[in-house]
Structure formats: C-alpha cells, structure tokens
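> A predicted structure for the sequence below; I have some questions about it.
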Amino acid sequence: MREMPLVLLALPVLTALLSVGAKNKKTLTQISLAGGGITAGLALWIAYTVFHFGPVSAGGRFIYIDSLSAFVMSLVAVVGLTAALYSVGYMGVEIAENAIPESRLKWFYFWFNIFLFTMFLVVMVANLGVMWVGIEATTLASALLVGFYDKKSALEAAWKYIILCTVGIIFALFGTIILYNAALPVIGEGSRSLDWFYLQEAARQLDPKLVKLAFIFVLVGYGTKVGLAPMHTWLPDAHSQAPSPVSAMLSGVLLNCALYGILRFHQITSHSLASGYSTRLLLIFGVLSIAVALPFIIIQHDLKRLLAYSSIEHMGIIVAAVGLGNRLALYGAFLHMLNHALAKPFLFFSAGNVTQHFHTKKIHKIKGAVLAMPISGTMLLLGAFAIAGAPPFNIFLSEFTIISAGFASGQYLPTSLMLVFITLIFPGMVYAATRVGLGVPPARIEKGEPSKWSATMALIPIIPLFVLGIYIPKSLDQVLQQVVSIFLGGN
Amino acid sequence: MLAVGLTIFQMLFVLAFAPLLSGIINKIKAYFQSRRGPSVLQPYRDISKYLQKETVLSEHTSWIFRITPYVYFVAILVVTLTLPILTTFGVLSFTGDLFMVIYLFALARFFLALAGLDAGSAFGGMASSREMAVSAIAEPALMLPLFTMAIAAGTSNLSGMVEQMAHGGWPALTPAHLMTFVALFVVGIAETGRIPVDNPDTHLELTMIHEGMLLEYSGKQLALLTLGVHIKQLLIFALLANIFFPWGIASPATGFQVPTLLSATLAFAAKAIGLGVVMAVIETSMAKMRLFKVPDLLMGSFLLGLLGLISHVLLRG
Amino acid sequence: MTILLFYLVLGLLLLGGLFAYSLQGKPRLSLRVGFSFAVGSAVAGTVLGIIILLTGDTVYTGAGFASLPGMNRAFLIDPLAAFFILVISLVSLAVSIFSFGYAEEYIGRHNLGMLGLLYNVFLLAMVALVASGNTFFFLFFWELMSLASYGLVVYDHRDSHVRRAGFVYIVMTHIGTLFIFLAFLLLYQTAGSFDFEHMAQFGRQLPSGFKTGIFLLVTVGFGTKAGIIPLHIWLPKAHPAAPSNVSALMSGVMLKTAIYGFIRVVMDVLGGGSAWWGILILSLGTVSALLGVMYALMQHDIKELLAYHSVENIGIILMGLGAALIFQGYGLPVLAMIGLTAALFHVLNHALFKALLFMGAGAIHHATRTRDMEKMGGLLKLMPWTGFFFLVGSISIAALPPFNGFVSEWLTFQSLLVLGSAPLSLKLNILGPVFGGALALTGALAAACFVKAFGIQFLAQPRSTQAANAKEVPRSMLVGMGILAVLCLVLGIFPSSAIQLLNPVTLHLVGYGSIQALGGYAWLNPQIPLLPNLSYHTMIAPFVLFVVLALGALLVYRVVKRLGHGGTRIDETWNCGGTLSPKMEYTATSFAKPIRIIFRRILLPKRVVETEYALGFHFTRSLKYEGAVKPFFEDILYRPARNVFLKVSGKMRLLQSGSIHLYLGYLFITLVVLLIWAR
Amino acid sequence: MFLGSSGVSPVVTLILAVCFLVLGARRLDTAIRLVVFQAILLALLTAILGLANGVGEMVFIAGLTLVIKAGLIPFILKKVVDRIGLSSETRSYVNRKMSFLIAGALVMVSYLATGQIAATQSAEGREILATAIAMLLIGLLVMMTRKLAVMQIVGFLIMENGLFLAGVGTTHGMPLVVELGIFLDMLIGVLVMGILTFRIQSSFGSINTEKLRNLRG
C-alpha cells in the first residue's frame, strides 16, 4: 500500500510499452483508455490520501508527496485522462482523413504516455535534481509529440522547442547545483542536500547570496518552460503545431509542472531571504508575461497560437499572484491554476474540432463554426468568454480573488496593470472567437460534427467550468487552503 | 364657490375677447398699411361661417386628424382655466404651473403637427417640420425668462408669480426685469406665429408655417382650430402682460367686488391691446425672415434672457 | 417570507431558461415555456418590490457558500434595490407577454431554446445584480448580464452588422466594467470587506481624494453602461441589432442597472461628496440629453432613433441625480430628495415608455419586415392598436401631460429651479436655470422627434408595399404593449403612487422621505423650506388636470356638435390639382432637415449628390442623394485610439519574428540583466 | 589569474580559454574538436579533484565523462556532420572580434555576479563558479550567433560543460543518482536533437537555422 506512488509511476510506462506492442487501432484505443483511467484513478486516490492523512513518501524518500505536489498531480491526472479520451476521437478523424498513417498511431500513444510519466515524476519526487531530470525529460518526450506531424512547420516548432527549453533547463540545473552547493555545508553530502523538504527546513542557514544566484538561474530556466516572457517564444510555436490533445496537455499541465519547479525553489528562497526577493521577481515576470501576451492576442491570425498566447497570459497571472504573496493571492493563484488547467484543454479540444473540420487554423478563414458545428462551435465561443474572464465561468472567480488580494496587499500598480491588461486582452479573445464562431459558414463546409466522440469531449468540460464559476465545494476549498498553508508555512 | 365663478367668468371673457383682439390687431396693421382693412369683428364672422360649412375630410387621414381640433382646443382651454388673466384666484389656479402651461401648449402643438402630416400632402409635412423646429429652438428662449421670474417669485406657480410681482415681491422696471421682458416678448412673436418668424396672413406655401398645418381643415374643425389660435395668442399676451406688469389684476389682496373685477378686465384688455399695437407695428415695419435666420433671432433672445437672469442674480446678491 | 419570494423570482427564471433550452427541439413549446416562466417571475418580482417598498423593510441573506473573506451578505434587498426590482419586473412582465407573439417569427429560423435561455438568464442577472449585497456578486451578475445581453444582441448573427454591433457592445461594456472593478477594489481595500452594507459604514469617512477617485471611476464605469456621451457609441449599434423584445429590456431596464450602481456607490456607500460631483454629473447629463436627442432626430431607422432617445433620457435622469448630488454636497437633504425623486421617477417612467416604444417598433417590424421609417406610412389604419400604443409612448417620452414623462420632467425642472434660487453660489444660481433651458430644448426636440417618428410611420399613405400589406400583430403582443401604455397613463395621473413607493428609498439615501415634502395626495407639491411662505405652493395636480381635460373635451364635443349644420364628406387631399402619391409625402429625412441645418455645427452633416447628365448640364438623367451625420465621437476618439492600439500591437509582433537566434538572445539578455541587476 | 594550491586553477583557466577558441573557430570540425578537448580537460580536472579529495566516485565520473563527452557525443556529432555533408564553415551573425568582446564582457559579468558569495566558499570554488557561469553565457552566445544547427549543438555542449564544471568543481559532484540521470538526459537530448536535425535536413534541404523562420507573430 505504501508503495502505491511507485505503481503510479510505473503505470504510464506500462501503458506506453503495451501501446507499442498493440496490433490494431481498436486495441490501442482500449489500452490507452484503460491505462489512462487507471492511472488517473490511482493518482486521484493518492492525492485524496495526501489531502486527508498528510504527506506520503515512498521508495525510501525517493518520492515525497505533500499537498502542493498532490494538487498538481491531480491536475496532471485529470488533464491527462481527458486528453487521452479526446485523442481517441481526434486521432480517429486524422486517420480517416489520411493526415497521418495508422501505423504512426502507436508512437503517438507511446510518447503520450511517456510524457505523462515524466510529468508525474516531476511532481512526485523529493529530490530537486531528479525533478530537474523529470522536467528535462518532459521536454524530450513532448518535443517528439510536437513534431508529430512530419510537416516543415511542425519540425521547426519542435526544433525551437527543444533548443530553447534545453538551454533554459541547463540554467535551471545550474541553479540547482548552486543550491546544492549552498546546502552542502548545512545539510551535508548526499542526496538529502537536494531534497526540497530538508532544504526548506534548513533554508535560513543557507548562504543568501548563493540562494539568490540559484533562484535567478532557476527562474530563467524553468521560466522558459513555464512560458514566462521574454523566454516564452517557443510556446506559441509548439502549442500551435502539436496535435490538439498534446496542445491541451502542454498548456493545461506541462506549464504547471514547470511552474511547480519554480514554486519549490521559491519556497526555499522565500524562507531563506526575508526581503521578498523572489516574490518581487515573480511579480515582475508575471506582469511582464501578461503584457507581452496582450498585443499578440489582439492581432492574432492563428487560432491555436491565440490559445497559446492566452496560456502565457494565464501563467503570467498565476506567477504574478504568487508574487503578490499574501494568503488570498496564493489561494487565488492555485485556484487559477486549477481553473486554467480545466479551461484551456477544453478550449483546445473545441478549437481542435473546429480546425480539423475547417482544415485551417487561420482565424479569418473560419466562419460560422456555431452553425456548422453546433457543439464544438458553441463551446469554442463559450470557452473563449470563459478564458477571457467572463462570469459565470471559473476564471472570473479566481481572477477576482487575485486582483482583490493585490489591492488588499496594497500593491496598486502591478495589480492595476494586471487588471488593465486582462481587460484589454478580452476584446482580442472575443474578436477571434466571434469571428470564428458566428456568421454563416462557407458552403463547402459540411454541417455537423465529424466525430461524436470529439464533440462530447468538447462539451463535457464546460460543466466544471460553470460549476466552479459559481460554487467552490467545501472539499476543494479545504484542499486549496491546505496547499496555501503548506506553501506559506512549510508544514 | 367664488373661485368657480371667477374661473368661469375669466374663461367666458377669453372666449369672447380673443377673436376681437385679433380683429383689432389686423385693423391696426391695416391702418399702418394705409388700408381700411376688415372690421374688427371679422374673426367672429369667419368662425361662424366655418361652423356653417360642410366638413371635408381627406381620404388618407386617420382619427388623429379628426381628434386634433378637440385636443388642441381643450388643451388651450385648460390653460385658460389655470392662467391668471383677470384674477389670480381661480378654482384651478393652484395647479396653474408654468411648466404645465408650456407643456399643454406643447401637447396642442404636438397634435397639430401630427395632423399636418396626416393628410399626406407635402405642404402639411413641411409646415409640421418647420413648426417643430422653430418651437424647439424657441423653447429655451421661452423658458429662461420665465425661470428668472419664477426664481424671483420663489415659485413656478403662475398665480403665485403674478401675486408676488403685483405686491412688490420684486422691483419692477429694473434692467433685469426689462431685459427679461424683451427676451420673452421676442419669443412671444414666434409663439403667436407673427412676422418676422411666420406670416399669419399668407397661404403662400413656401413661407407658411402655421397655416400649412391647417391647410386640410374645413368646417367645424377649422372653426375650433381658428378660435383656439386666437385664444392661444391672447394667452401668450396674458403671460407677457401679467407676469411683468400685473397691475390691476384681481387677487385676494384687492378683493373681488364687481368694480374691481371690471377694472381688472379693463386693465387687462388695455394691456393686451397695447401689446397688440406693438406687435402690429413690428409686423408692418419688418419683413419676414428666412427660416434659417430665425434661430439667430431666438438665440439673441436667449442671450438677452441670460443677461436678465445674471443681472437678477447679481442684484439680489 | 419576502426572501422566499425573491428566491422564487430567481428560481422561476433559472428554470424557465433551462426548460426552454432543453426543449429546443420543439420551438413552439420552448417559446411558451420560456416566456411563461418569465411572466411568473415578473409577477412575483412586482409583488416583492411593492411589499418591500410599502413596508420599508430590508431583507437579506447570509453569504452562503461564498468563501471569500469579508463577504457576509449574498443578497441584500433594501428599498433602493426593491425599487429597481419593481422596475425590472414591471417591464419584463409586459415584454415577456409581448414575446409570446413576437418570438414566433423566429420559429424555424433561429434556435428558440437559446433565446429562451439567454432571455431568462438576462433577467435573472439583472434582478440578482440589483439585489447583490456585495461587490463580488454585483460584478458577477453585472458581467453575466452583459454576457447574456451580448448573446441576445448577436442572436441574429448571420448579419455582419449585428456581429460588429455585438463586438463593439461587449468591448465597451467590458472596459466599463474595468473602471467599476477598480472602484470596488479601492472600496474593498479601505473597508476590508466586500459588503455594501459594511462599506457604507466606512464610505462616509474616507479621505476626500479617495472618494473622488472612486466617484470618477464609477462615473466612467457606469456611464459606459448607461450610455452617456461620449461613452455611448455601443448603444445605437447594439439596441437595433437585438430582437425588439430584448431591445425593450436593454433600453428599458438594463441601462437602469447602471443608474442603480451609480446611486448605490455614490449616494449609499460614499454618502455623496463635494458639490462639484453634482455639477459634473449634471453637465454630463445635459450634454447627453441634448446630443442624444439631436442624434435621434437624424436617424431614420426607428430602433436607432429610439436608442439615441435612451441616451437622451439617461441624460435627463442624470440631471436629476446631479442636482441631488449638489444639494447633498451642500447638506440640503430636502432639496436633494427632490432631485433624487425626479431621477428615480424618471427611471421608472423611461423604463415604461421606452420598453413600450421598442415593443411598438418590434410590432412594426413584425408586420412590415423593415425598420426603415422611409418605407412605412399609413400604418395607423392597418395596425390601429399598435398605433395607439405607440402614440401613448410617444406622448409620454415627449413629456407631455397627462402622461408620466411630464411628471418626472417637471420634478427635474423643479430641482433645477431650486438650484437657481437656493442660497448656494452665484455660479450655481445661474447654471441651474441654464441647464433648465437645455432641458427645455431637449424636451421640445424630443417632441419634434416623436412627431416625426409617429407621423412618418403611422400617418398618411404607405410608402412601400410592405407597409401597405401590414397587418395588426397578434393579441399577446398587443397585451404586452397595452399594459405599459396603461401604466404610462396611470403614473401620469397618479404620480403620488410612485412618490409613495419612493418614500423609503429617499429616506434611506438622503434622510428625507419623499412623501413628507412632495405630499401624498393626487398632486405633487414640493414644499421647500428654504423659500418664502407663499399663498401658492408650487404644485401640479395631474389627476385634476386629467379630469378637466376629459370633461372639457366632452363639453366641447357636445357644444360643437350642436352648433352649425354642415355635414361631413370624405374627399382627396388637396394637392394643387394633381393626384397625390406617397412619393410626394414628407419623409423622415426631410422632416428633420430644418433641425439638421439649424444645428449643423454640432451635427456635422455631410451630403453627397451624384448627378448624371443626359445631354447637357440642364438635362439630368438621374440624381442620387446621400445624407448622413458624421459619427463625431467615433472619428475623433474611438477610431484613432483603436488604430493606435492595433498599430502598436502590430509593431510588437516583430518581437516574435521566428528567428531562434533572436529568441535565444532574449534568454541571454534576461539572464545577463538579472545577474547584474538582481544579484 | 591566481594559481590554486592543487593546480586546479590553470586547468580551469584553460577550459575557459577553449571557449574563446571555439568562438574563433572558422571551421566546423575545428569547433567540434575543441569541444572534445574541453571535455578531456574537464575529465582531467575531475580526476585531479577526486584524487586530491579522496573521493572515489569522482574518478568514476571522470571516466564516464571521458567516455560520453569525448567519445559518444562527438561520435554522434561526427555522424550527423558526415551524413549531412556539410559545408564546413561556421557562419555567424557577429564577426569574431565582436564575439571576443562580448565574451570578455560576459566573463566580467560572471565575476560580478559571484563577487559577494560568502566565506563558506574557497577562493578556488568561487573562481570555478564564475568560470562556469561564463561558460554558460558563452555557450549561449555561440548558440545565439551561429547559424548552423550543428554549431548550436556545439554551443549547447559548451554550456553543458560549464554546468559540469560547476557540479564537479564546487560541490565535488552531485549525488550519483542525480549525476547519472543528468548524463542520461544529456545523451537523450543530443540524440533527439540529432534526430530532429536529420529530419530538418530532409525537409528543408539544409540545416541552416536561418530558414526556420516560418512561424511568427
């Protein structure tokens, strides 16, 4: 029972291996769905245990899961499962339209599950070095998924993705080494010196200069992966070129996993330096990211790039919220992380259906999606409003919390800037979504959903978006409070 | 009971005197133009002639056209009941509010303008359009002097304003008072449809405003409207005369004996005829203005009214 | 008990929306179900509003599941909120009944389930918005209202104009929300709570700079929604684009929620401020009223015309509010009460007659399939009831007695007059009457505009075959209009009933009840203690007036009938001997021409005349005339701003030029800068 | 430059100098050889440190470095270069003089950034840290300014060497698990990059990354 987390890590690898061995499309689908379902179930169960009975460790402290890890892990599990479900319909259409040969499908599932494994690894391990390995591995696994369509543009995106993220990640490793260097005289040799748990406890005794240096490198390094401006440049390329389920994973959880890395370092840094050094940096980068995303959202020609820039914006919001630093802001930050992780894949699903059906990603070439595809089109429209922060959807709630917290903590300038940028982004999202969604579709476009399955997957996620927009269940509230407490108080 | 009697007396006086006033003005105009002119009783004869005539309705008109004469006449009549003309002690004087009076006039005009459009001829439409435009720009110029007087009196009830004025509430014949009066007088010209704003004597289609709206009317309906127009003219004269020069009006302070009433009647008739003479002089000595010069005239009147207001406020301190 | 009624209102709307949506397969049923629930909820809302206003109680609920700290009241219905609930409910009652017939034209063409859902959600958001006890709920429902109304505006999204209108609407309203949000945040920061109730305790003691900031923010924020000039540009686009029943709601009540928000923040929470606030609001109101009515005169699309009249009427409401704020700033509650009563009463009146007029426009569109007034004419004979109701609406909006518009405008005039006579400052003594003059001009222009609107549409001969073939609309639509027409007359004759309802509201906001000073009789009687005691109080007696008018009409009719002996004959209209054709009739454009010329410096009209000659200069083959009014604010304000914004954004795109070396450079520079700056 | 007691400093300086040589290299194979040389120097340094401090692990790591960095990775790179049949010039956006200048500035930045590290560090440790940062930055500079995809891998390797230097020089090596993971990752990374380079070559007909500029905005 205690070693369940190890089983959880093994499950996606097992699914990946089984996928390679699968004979035909049907078995492949079954393997993927079964594997995804069991993995997600187990992950959520472990998360539940953590939330109720405290941190879980396994593999001789190789794995240590506290509430924060469990929270991000649940996101990975949920988004991973929905993406796997969505892949069935999406890939089905791709094969039916001869966009990819059927034989490539197993490689898709193989790398998909490996990708999932690496993300679980990131959030579960105790050792910051191994966490780094995990994050680097996510890049490698997902780079091949980004370049999955053997097109020029996809290769270009994959190349930029891998180069930029690998470079970034080297800095992160460098930061990790410096931190280890700082920890050695305090904690001593051995892998404990890179265990975030011990580092946090010993944070006050660490050499502050080294910690600062480490945080800079980690921020730039993992920040590249999170998509913080100005290191975000790979993100729109990769997100737009990847198959839609992968875009959903990248946007929904990969960014959060990288952010998780920053958060762990931020915790250590903020315990070590009382001056709010790291919070200020986070706030600056957060607001900068929102600002940089703004013009690209306003004049965007590509639907999926639009969503990618929106991810940059929302990561910026979360990071800035962490940078605001008070309890309410952190609550908002984690709520926003959840909300974004729920909303963005949903948008990628519906956008995926629409682009697939219209055979283009260009915004000005798609028209009348609502009439052509009653479910996906409508959901795309609703999703755009949701992500732009309109009630009754959940993003509004978390943004309201964050902005209120910013004002409550007296940081008027950054908070007002955030609010202004978010407000100005709204027209951009709405313009694109209404341009795509409303009107009369061109005559060449058939009416109706090409895949019932995909349509359903575009429909279902609106429910949590809506419910969380008007009601936060007590249990979720407790989880978030717990995460915030952990974050603020160590334990 | 007294109040009811006074109101009825005032109403009968207005009904009887209004056509006569028009007749007198026409006679004076004729005199200035070295004509003999029609008898001062001609307006009565016109009305009684109209009453005898068959009413011809246009086939295109609707019920709006048919009820307009009644709405017009009744609205004017109600103003007659509430306005202090001979006395400030009418049964309806308590609701004789400045705005009420102006807006009842507006109600009458609203229906008349609709009726002008109803027959579908271009003349009626043109007349309605011009009437509404002119009256719209006349409105602020009309209101501002009245505001000044209302502020001075501390109420917008016309009887109250008249009483305040009559019993020394406000020094008369000051510059403020005179400027305000002149401003209102200019608007009075526009409201009664006289030269230089409109020409009451013409049926020349390109210059007429008021007459164009009446073009389709005949018979009893025309009679009602014509009488209504006469009364409206008298009422505007009454506003001008009584608010600024209320002397002689019968009020609770003067009592309501028969001689008082008689002198009040005579005083008012004299004031009205005096104003009529001035109007006639202006009308014979000026040419009708181009329609789009009228706003300049009214703007001037508005500015004069503003000056009156400012000097009033400054003088009051 | 009353709180249950409130939940009933919300519940019915929610169920109505959901049922209508789930029945979208059966459009006719969906329509009936959706609007039936709306009617039910409107009845409940009316009862709720009246109960609270008559008892003067305040009902509230706890925060419930809201988890944000500093939030203790989910809903709080005080008399002010109840008054607005009453306004919303009265209008939505009539409009929902109207919709039964009106929405039938969409069967088979559009998704009626969606209409039912959005319609009910829209109503729900408005009711919940005014009942919100804290800023979060307020903003939530505010945005929900915007979103639902946006959905309704783009309901007929096949038309590209509609889409563009919708976009302008949602962007403007969202930017407006930004300002409101900022104001709320400042309040939250100082009061440490989201509750209005709680804020109101702190609001009055805030430093004046803070208060001014909040005031300016909400003025811009709510002003955008209310459509004050120059923030109005969305309004004449969005209202015509929406289905007419929705336009009726948007114009009739949605704009009023902005007024509600303004009153709630400025008068309730902040408790008023310096007198210049009032002067600002008064000036904004005057400009909106004047320009609004002038632009309205220039329109010949009936719904655009009505939309600009909303701008005008919001201006009039703000004039009353501005006067109230000035008096509040000087500490004269009685006088403030008059202005506030005028404003609130006009809120109700405008809701009634504007909804009525929009329904009329909808009925005309239903019958003729056009909104272009130049194509109508002669409809009064074909659609007698619609015509009659439209006439009632026209008279009301032109503020003519004995209808309701007159009474609230009279009160506004009174508060401006008092501004002229109260011992405040010389500047205000002069400004008051001048603003009064502007209001008089507005009223007269509005009358001109509705002579045009009614005359061109309903009188004379039809100008097109569509108009000639028009038929009277179904009964449900007539009932909807009839309800509001009757209310317009009733409130015009018995304004005291409204004064009585407003009593607890003014008592709460300015500390002086409206009955005390305005009298609870059939007439209005401002007893202003500042002024000398007179034998005549300023008062009007609308009921007496109405009776006299009616008796007078009867009397005159009887007398005239007896006099003379001419018969009646039907004949042609005289036309200089020629035959009259509809082409000779005065058009809407020509009707407005004198005013267009008189105010040409403000309206900036432009005209294009294209002449095609056959032989020489004197032989014209064809003549094309095009006239329009320059969209002044779009040209000088919005278009340049948008262009700059887009241009800068376009330049920023170069940052993402596709070069990986550049991207690596960003990384490099970031790192170097951080190493130097943040070491 | 000051000489360290254990003779570490000259090696470190030499490693940094190699970076400058790479910046000055005109031909592709020269650049690759220089990186191999740098890796050998690193292995040497690791061995010296390991023996001096008596850490057996580090000697093992030195061997591993030699095998992977001086053997396997150059082997893969060579393969790639041979398969593609490169024109062997290292094309750059900035000329060599400028590159040297910038690199010099970067070394100063690194010393600036590490200047105030507390006394827990030996002077030598501080120097190694500064050198490592300089190598990271110079590696990034190479990646930034050189046009060919292979040169980007070279720049990447320089960065990676800097990292290794920091890991070995300042902390006497990371925990073994971590170290192995890092090695594995690097290997896979270079592999994946190689695969992508192949694919790019076959799709675009060139590995000049200047041509990879279709995704923008």
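Ah, there it is.
> Residue A:164 is in contact with residue A:224, isn't it?
Yes - if you go by Cβ atoms under 8 Å, residue A:164 and residue A:224 touch, sitting 6.1 Å apart. Just so you know, the C-beta spots here come from the backbone N, C-alpha and C atoms, and that holds for glycine as well.
> hey, what's in contact with both of those two?
Common neighbours of residue A:164 and residue A:224 (criterion: Cβ atoms under 8 Å, 6 or more residues apart in numbering or on different chains): A:231, A:234, C:667.
> can you tell me how far the first one sits from residue A:258?
For residue A:231, the distance to residue A:258 (Cβ to Cβ, to the nearest Å) stands at 11 Å.
> ok, now residue C:372?
Taking Cβ to Cβ, one finds residue C:372 at 59 Å from residue A:258.
> And residue A:448, by the same measure?
In terms of Cβ to Cβ, residue A:448 sits 39 Å off from residue A:258.
> neighbour count winner among the two?
Neighbours were counted for residue A:448 and for residue A:258 using other Cβ atoms under 10 Å in any protein chain shown; residue A:258 has more, 28 against 12.
> which one is the more buried one nearest to, not counting chain neighbours?
Spatially, and ignoring its direct neighbours in sequence, residue A:258 is nearest to residue A:225 (3.6 Å; Cβ to Cβ, 6 or more residues apart in numbering or on different chains).
> Neighbour count: residue A:164 and residue A:224, which is higher?
Shown here are residue A:164 and residue A:224; by other Cβ under 10 Å, residue A:224 has more neighbours (30 against 26).
> Please save the CA atoms from the one helix or strand the more buried one maps to in CSV.
According to DSSP states H and E, residue A:224 maps onto helix A:208-226. Presented in CSV, the C-alpha positions along helix A:208-226 are these (Å, rounded to 0.1, in the frame of the first residue of the first chain):
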residue,chain,number,x,y,z
PRO,A,208,21.8,34.0,0.9
LYS,A,209,24.0,35.1,-2.0
LEU,A,210,24.1,31.7,-3.3
VAL,A,211,20.4,31.2,-2.9
LYS,A,212,19.8,34.4,-4.8
LEU,A,213,22.0,33.3,-7.6
ALA,A,214,20.4,29.9,-7.6
PHE,A,215,16.9,31.5,-7.8
ILE,A,216,17.8,33.7,-10.7
PHE,A,217,19.1,30.7,-12.7
VAL,A,218,16.1,28.6,-11.8
LEU,A,219,13.7,31.3,-12.6
VAL,A,220,15.1,31.9,-16.0
GLY,A,221,15.5,28.2,-16.6
TYR,A,222,12.1,26.8,-15.5
GLY,A,223,10.6,30.1,-16.5
THR,A,224,11.5,29.3,-20.1
LYS,A,225,9.5,26.1,-19.7
VAL,A,226,6.6,27.9,-17.9
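> Mind giving me the packing neighbours of that helix?
Packed against helix A:208-226 by the contact rule (3 or more Cβ pairs under 8 Å, 6 or more residues apart in numbering or on different chains; DSSP states H and E) you find helix A:128-146, helix A:152-187, helix A:255-272, helix A:277-298, helix C:660-677.
> Would you format those helices as CSV with mean pLDDT included?
Putting those into CSV (pLDDT from 0 to 100) gives the following:
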stretch, mean pLDDT
helix A:128-146, 88
helix A:152-187, 86
helix A:255-272, 91
helix A:277-298, 93
helix C:660-677, 89
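> Compare the ones you listed and give me the one nearest residue C:564.
Closest to residue C:564 of the helices and strands packed on helix A:208-226 is helix A:277-298 (Cβ to Cβ; 75.5 Å).
> Looking at chain B, what residue ends up closest to chain A?
residue B:136 (39.0 Å; Cβ to the nearest Cβ).
> tell me the contacts of the residue nearest the centre of chain D?
Centroid-nearest residue in chain D, with Cα atoms, centre = their mean: residue D:158, separated by 1.4 Å. Contact analysis of residue D:158 by Cβ under 8 Å, 6+ apart lists D:19, D:22, D:35, D:38, D:135, D:138, D:139, D:142.
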